[in-house]
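Colleague: predicted structure and sequence below. I'll ask about it afterward.
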Amino acid sequence: MIHDRLTRDLFAEICRIPFIDPHSHIDPRRPVSRSLDDILGYHYYTELAHSAGMDQAPLAADADPKERVRSILAHLDRIDNTSQYSWFLEIARTFLGFKGDRVTEKDADALWDAGQRVFRQPDWEHKVLHASNLEKIFLTNDFDDPLEGFDKSRYVPCLRTDDVVFHLDNPQVRERVRRATGIEPLDAQTLDNVLGRFFERFTKNGAKACAISLPPSFAPRPVDRGDFSRALAEFQTEEAGAAAGYLVSHGVFWALAEHCRRFRLPFDLMIGVNRAVYPGGVHQGRDLFDQRTSLIQYAELFNAFPEVTFCVSVLSSGQNQELVSYCWIFPNVITSGHWWYSNVPAYITQDCRARLQAAPKTKQLGYYSDAYKLEFVLPKYNMYRRVLAQILADDFVRPGVYTETQAVDLARMLLRDNARRIFGV
Amino acid sequence: MIHDRLTRDLFAEICRIPFIDPHSHIDPRRPVSRSLDDILGYHYYTELAHSAGMDQAPLAADADPKERVRSILAHLDRIDNTSQYSWFLEIARTFLGFKGDRVTEKDADALWDAGQRVFRQPDWEHKVLHASNLEKIFLTNDFDDPLEGFDKSRYVPCLRTDDVVFHLDNPQVRERVRRATGIEPLDAQTLDNVLGRFFERFTKNGAKACAISLPPSFAPRPVDRGDFSRALAEFQTEEAGAAAGYLVSHGVFWALAEHCRRFRLPFDLMIGVNRAVYPGGVHQGRDLFDQRTSLIQYAELFNAFPEVTFCVSVLSSGQNQELVSYCWIFPNVITSGHWWYSNVPAYITQDCRARLQAAPKTKQLGYYSDAYKLEFVLPKYNMYRRVLAQILADDFVRPGVYTETQAVDLARMLLRDNARRIFGV
Amino acid sequence: MIHDRLTRDLFAEICRIPFIDPHSHIDPRRPVSRSLDDILGYHYYTELAHSAGMDQAPLAADADPKERVRSILAHLDRIDNTSQYSWFLEIARTFLGFKGDRVTEKDADALWDAGQRVFRQPDWEHKVLHASNLEKIFLTNDFDDPLEGFDKSRYVPCLRTDDVVFHLDNPQVRERVRRATGIEPLDAQTLDNVLGRFFERFTKNGAKACAISLPPSFAPRPVDRGDFSRALAEFQTEEAGAAAGYLVSHGVFWALAEHCRRFRLPFDLMIGVNRAVYPGGVHQGRDLFDQRTSLIQYAELFNAFPEVTFCVSVLSSGQNQELVSYCWIFPNVITSGHWWYSNVPAYITQDCRARLQAAPKTKQLGYYSDAYKLEFVLPKYNMYRRVLAQILADDFVRPGVYTETQAVDLARMLLRDNARRIFGV
């Protein structure tokens, strides 16, 4: 599929590198798909099909999965130009024996049946891992995740903290905190105790990162301890106002950074998403960004925690230019992957070229899959590896900056070595 | 002129597609140029010549048109690097028999004479339409445009609403409203009646869209009906303040969206222009943008009117990345053309690639000419078609995503089929 | 090193053009390096080495320069992917006889010794100038710079004004003003007198520009003369507040523009840098930007001073799209170079293509080195010239827009002729 020979050779070499995927939503107890519904139920397909005209009836929890798949397939001809579609086509070809050039509604039965046959093989997980050349993959674990029942040398736990930063006013979240720790976060000290329990349990269970996604307006700053305590107390009354919400989210976030320092965990910051911008959208297809955000909002944080490594993901090319510069200047800022709305070749190409031309190669986590099922790791990484091979050919090998071997060494750093060093895996 | 064979072949095929131009400023009663002054009087030339040093004396209404043309031609050597210049060169070659590689002041007499000869041919309009392969072209009609005296199957009316949203405080605009409808917009209800009259008359006369251009700071929201009425009343007193201005512009805009829903008209939003940033500039050469704007400002609108199709144009690549994402998520958001300061290959390439890689192909209006005279449709569309051919070659045909036939089918969708379906023409 | 023949030929021709470098930090009394420490002490290396893990001990003023060099060299393998590294490699090869493909710690002694031998040649300055084909280079002179002891036909003085705009509250700055002019800036009139003295002395000494760097939030506007005087008086009390700081910085800036008009000096605006974002960083490696800035902040200035030429540099590609458009519309706005965090090929390519496609070629200053030592002019300009040659090949010569000769003429305008005309050198 790659026209240019040098790029094709580099791509082939890069595909031989076993890689570490530093961010996903894999459930390690059910890492692979059980039916085609798990594949086409991925929000990238449901939201694009919906955006292109599909109504949401087939997406209801009690709808027939096979009919849901048929309905989504019936809308794929409207999105067969997209990268997201190309991931599915690659899955169908690689894993389901599909031989055609386009997938349409007519293929619904055959693909469904192939899925039933293939995904249910007892060694399917290992076949996918092997075909993908995936060495380790990071998870997204809620603070009360049991962290049990899976191979932690393959599936690396990661403490996801959105709930405790942004939803501690929710009684259900507070109830989950109580159950997980036996502590009521009534003030700054008890909140610290709660986070201490989280970090202890997670690091004992092999967690290698703390992570959070943040809205474009968020600007971390330390909160006065008395104010923080008062705001946490206000949360107990169910009448907490916006001011208390602000103090708690900023106070908890800052305390998380302190715990990252204490427990020597890198902190993954995924910056820029507004939640529920389109509340009528499909599950997980409601969030969008606001380009008007800046990493200057994080300067105080980066300065206050020189011992904490911040692995930063952003949502726009404009913000990527800032990220490149902040990584170039701040020792503790790492560029991380190509996130969500930036995860198409047009943006990956420009963003990755800039990173490779201006920031230390040791401070770049090349890519992550963000996948919910292991089958998506291969096509997403292939998209990235093609772009990377093209950049290495055009910007490094052909101009004589690197030999082919050195170019592949750089790719290995981006795909594996940096993740090993930065996360200590 | 295209180096690469596949791109050249695709370009040739794409040029064979009769297309629909969904936005222009053509006067359908005088659609073509009558002299070279109509061509070089286009603001793209007057503003660039002025920016490059030409004083504005030759642009006075009472100046000799032939001298005006000579003066602009005398400055073209300062802008012969630009895409705008290349449109003129293509017009001179295609329509005026010009054989040279560069146009200079020395060509003034010959080009003027050629213009007099060519543009005055009785069938010139049809020759230009035929040479351009233009099937239909949308207009920009003021609310009080008579909408008579032209072929509405070729020239599609479109209700332009800037005046009624942003200039209702202007007594002349209110007078025009009264004359056009017999109604005085004294309160929310009479304003609704005014808009109802506009939409009735326009839709009866074949209008297929409502359109408006908006400043970067605009953020649509519904206005309390009482507040809206009071603000409209304040407008009658000639002492209306900024608060009333805010309420009226937001109230009228929201009411327009309601009428688009009621009359099933798509709403073209051209987002991001500040007017009269350089008040000393030439006519139509005074506006500029502020990159600090976001489509999040339109989230409430997109959510409130799921039945209305919003065809969105933006002015910067930063905003285009948002547009791609909003089109990907919101069923009622369409990407529309490459507007004004983004209408050069460097930006079209990046913006169009991202759209094609991430948003449904059925939700993209590829291009519009924004032309004031039909002669500009051909060179502007050729610029776009060259970029599109290159993207289709590089991103679709060579990597095996599409066959050449499928790539041309995609182009047909962008140039014709989507416009037919979205606008119902 | 350039793969494509046409681009290689254009690059070779472009390198033959003697050029004018319109912005640098060269000390004309010590324009060249005296040891390898002057080369690797450049903040691009110290900040990248520090960002990649080097501690700052070797950077102390009293540290051994040879050990400092060794320490930085020992970290180069972490940044050998960057453009900044490639400048050093080109210096080592061109000036120090280095024959290898990569520079490592092992080369420390040999490179140091080569530096001692080469840099100390009595005619080294002229050798570098000759090898670089550099005709004139602009300086950055403090208002109290003696402006003596150097060849002003080669080294062109430029009045840098950051101190007087942003640091007049600093008693040391006020003391320097008094010493330089014999005037105490007590009010608007005496401040005017101070600036008059600066401009008189500088223009008498061959200064050809006034320059300043500005934070992203700065928005020039005229200040009421009484308010300005009161704020300047408040500065004498050592108790000046933020309001006085705002009035003084805006008042002095506006007065500078008035003096540029009176003394017919172009005003270089370098827009967008926040100082000391990372206060713990290395010297000159502490500043970063905020993408959320707009040239609309300068519209009032551009309108108020049509007689002043503003040569504008920006820090992001988002802002570059604005710059292209403002240069296209405002006769007095010039695009200037590719500044700092935008000075890598990924951004230069996109930014330069857009400028060449949309703005008058006569209003573009192609590049400046920003160098502290003459040895950096050659590799930085080569980076730019390679990008420019590629753009001229792809966008101009191959599509038939320009002949090769015309393309090189355009390069000459960007590299030399525009600077000569705009600055009157």
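Modeller: Thanks, I have it. Numbers count the residues shown, from 1 in each chain, chains lettered A, B, ... in the order given.
Colleague: quick one: the residue nearest the centre of chain A from residue C:297, how far?
Modeller: In chain A, the centroid-proximal residue (C-alpha atoms, centre = their mean) is residue A:370; its distance is 3.6 Å. To residue C:297, residue A:370 is 37 Å away according to C-beta to C-beta, to the nearest Å. (C-beta placed from N, C-alpha, C; glycine too.)
Colleague: before we move on, back to that, you'd agree the residue nearest to the centre of chain A is in a helix?
Modeller: No: Residue A:370 is assigned coil when assessed by DSSP: H, G, I helix; E, B strand; the rest coil, not a helix.
Colleague: isn't it up against residue A:340?
Modeller: Yes: Residue A:370 lies in contact with residue A:340 (C-beta atoms under 8 Å); the separation is 7.1 Å.
Colleague: pLDDT score for the residue lying closest to residue A:414 once chain neighbours are set aside?
Modeller: Residue nearest to residue A:414 in three dimensions, not counting chain neighbours: residue A:366, with 3.0 Å by C-beta to C-beta, 6 or more residues apart in numbering or on different chains. We have a pLDDT of 98 for residue A:366.
Colleague: and residue A:366, what is it in contact with?
Modeller: Residues near residue A:366 by C-beta atoms under 8 Å, 6 or more residues apart in numbering or on different chains: A:337, A:352, A:384, A:388, A:411, A:414-415, A:418.
Colleague: make CSV out of the residues you listed and add pLDDT, secondary structure and distance to residue C:255.
Modeller: Below are the contacts of residue A:366 laid out as CSV (pLDDT from 0 to 100; DSSP: H, G, I helix; E, B strand; the rest coil; distance: C-beta to C-beta, whole Å):
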residue, pLDDT, secondary structure, distance to residue C:255
A:337, 98, coil, 49
A:352, 98, helix, 46
A:384, 98, helix, 53
A:388, 98, helix, 52
A:411, 98, helix, 55
A:414, 98, helix, 51
A:415, 98, helix, 56
A:418, 98, helix, 51
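Colleague: among those, which one lies nearest to chain B?
Modeller: Chain B lies nearest to residue A:384 out of the contacts of residue A:366, by C-beta to the nearest C-beta, at 13.4 Å.
Colleague: how near is the closest residue in space to the closest one that isn't next to it in sequence to residue A:404?
Modeller: Closest residue to residue A:384 apart from its sequence neighbours, by C-beta to C-beta, 6+ apart: residue A:367 at 4.3 Å. Remark: distance between residue A:367 and residue A:404 (C-beta to C-beta) = 20 Å.
Colleague: repeat for residue A:379
Modeller: Counting by C-beta to C-beta, the gap from residue A:379 to residue A:404 is 25 Å.
Colleague: try residue A:234
Modeller: 61 Å.
Colleague: again, but for residue A:377
Modeller: 25 Å.
Colleague: the more surrounded of those two?
Modeller: Shown here are residue A:377 and residue A:404; by other C-beta atoms under 10 Å in any protein chain shown, residue A:377 has more neighbours (25 against 15).
Colleague: list the contacts for that one?
Modeller: Contacts for residue A:377 (C-beta under 8 Å, 6+ apart) come out as A:21, A:24, A:128, A:132, A:134, A:137, A:369, A:371.
Colleague: now with 10 Å, please.
Modeller: Shown in contact with residue A:377 (C-beta atoms under 10 Å, 6 or more residues apart in numbering or on different chains): A:19, A:21, A:24, A:26, A:31, A:128-129, A:131-134, A:137, A:368-371.
Colleague: show the buried residues in the residues you listed.
Modeller: A:19, A:21, A:24, A:26, A:31, A:128-129, A:132, A:134, A:137, A:368-371 (16 or more other C-beta atoms under 10 Å in any protein chain shown).
Colleague: can you point out the buried residues in the longest helix seen in chain A?
Modeller: Counting by DSSP state H, the longest helix found in chain A is helix A:242-263. By 16+ other C-beta under 10 Å, the buried positions in helix A:242-263 come out as A:244-245, A:247-257, A:259-260, A:263.
Colleague: sorry, back to before: measure the residue nearest to residue A:384 to residue A:19 for me?
Modeller: To residue A:19, residue A:367 is 8 Å away according to C-beta to C-beta.
Colleague: who touches both of those two?
Modeller: With contacts taken as C-beta under 10 Å, 6+ apart, the residues that reach both residue A:367 and residue A:19 are A:381, A:384-385, A:414-415, A:419.
Colleague: what about the residues you listed, which one has the most neighbours?
Modeller: Neighbour counts for these (other C-beta under 10 Å) peak at residue A:419, which has 28 neighbours.
Colleague: hang on, it packs against residue A:363?
Modeller: No: in this structure, residue A:419 is not within contact of residue A:363 by C-beta atoms under 10 Å, at 11.8 Å.
Colleague: list residues touching both of these two?
Modeller: The contact lists of residue A:419 and residue A:363 share A:311, A:334, A:336, A:413, where a contact means C-beta under 10 Å, 6+ apart.
Colleague: report the buried members of the residues you listed.
Modeller: A:311, A:334, A:336, A:413.
Colleague: do a quick rundown of the helices in the stretch 51-200 of chain A.
Modeller: A:65-75, A:83-95, A:108-119, A:124-132, A:162-166, A:171-181, A:188-204 (DSSP state H, counting those that start in this stretch).
Colleague: the last one to helix A:242-263, inter-axis angle?
Modeller: Okay, so that is helix A:188-204. 40 degrees (axes from the mean of the first three to the mean of the last three C-alpha atoms, to 10 degrees).
Colleague: hmm, the following helix or strand past helix A:188-204 in reach of chain C?
Modeller: Next helix or strand after helix A:188-204 toward the C-terminus (DSSP states H and E): strand A:209-214. No: figure legend: strand A:209-214 not in contact with chain C (C-beta under 10 Å from any C-beta of the partner chain); closest approach 16.4 Å.
Colleague: tilt between strand A:209-214 and helix A:242-263?
Modeller: Using the same axes, to 10 degrees: strand A:209-214 against helix A:242-263 is 160 degrees.
Colleague: following element in sequence after strand A:209-214, please.
Modeller: helix A:225-236.
Colleague: does residue A:300 touch residue A:330 like I think?
Modeller: No: if you go by C-beta under 10 Å, residue A:300 and residue A:330 don't touch, sitting 11.9 Å apart.
Colleague: what's the overlap in contacts for those two?
Modeller: Residues touching both residue A:300 and residue A:330 by C-beta under 10 Å, 6+ apart: residue C:277.
Colleague: these two: which is more packed in?
Modeller: Set side by side, residue A:300 and residue A:330 show more neighbours around residue A:330, with 27 against 15, by other C-beta under 10 Å.
Colleague: quick one: residues contacting the closest residue to that one other than its chain neighbours.
Modeller: Nearest in space to residue A:330, with sequence neighbours left out and distances taken as C-beta to C-beta, 6+ apart, is residue A:302 at 4.9 Å. Residue A:302 is in contact with A:220, A:257, A:269, A:295, A:308, A:310, A:312, A:326, A:329-333, C:277-278, C:280, C:288, counting by C-beta under 10 Å, 6+ apart.
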